[in-house]
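Visitor: Can you look at this prediction? I've put the sequence above it.
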Amino acid sequence: MTDAGPPSVAGDLLMTDFDVAIVGAGPAGMSAACCLAESGYQVVVLDENPEPRRSGVSWSRAGP
């Protein structure tokens, strides 16, 4: 086994400073991250794209 070195750094925070890591910044990942953060968890969202999505997701539902 090799030494992986120091923990990765996201900004000024070490990756060990989070309770939950969400992989994917799509609608489901962001919803999960928001719910967990509102419940008091320290959350980090990891995504392959360096920039946040610039469009929202919406849909309509027929009926009353």
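Guide: Sure thing, it's come through.
Visitor: Do you have the strands of the chain handy? List them.
Guide: 9-10, 13-14, 20-23, 43-46 (DSSP state E).
Visitor: Out of those, which gets the lowest mean score?
Guide: Of all these, the minimum mean pLDDT falls on strand 9-10 (a mean of 55).
Visitor: measure residue 62 to residue 34 for me?
Guide: Per C-beta to C-beta, to the nearest Å, residue 62 is found 27 Å from residue 34. All C-beta spots, glycine's among them, are computed from the backbone N, C-alpha and C.
Visitor: Neighbour count: those two, which is higher?
Guide: Taking other C-beta atoms under 10 Å, residue 62 and residue 34 do not tie; residue 34 has more neighbours (13 against 4).
Visitor: Which pLDDT value belongs to the more buried one?
Guide: Looking at residue 34, the pLDDT reads 91.
Visitor: give me the low-pLDDT residue ranges for this protein?
Guide: Low-confidence segments of the chain, defined by pLDDT under 70: 1-15, 52-61, 63-64.
Visitor: Run a quick check on residue 20 versus residue 42, I expect a contact.
Guide: Yes: between residue 20 and residue 42 there is a contact under C-beta atoms under 8 Å: 7.4 Å.
Visitor: Noted, bye for now.
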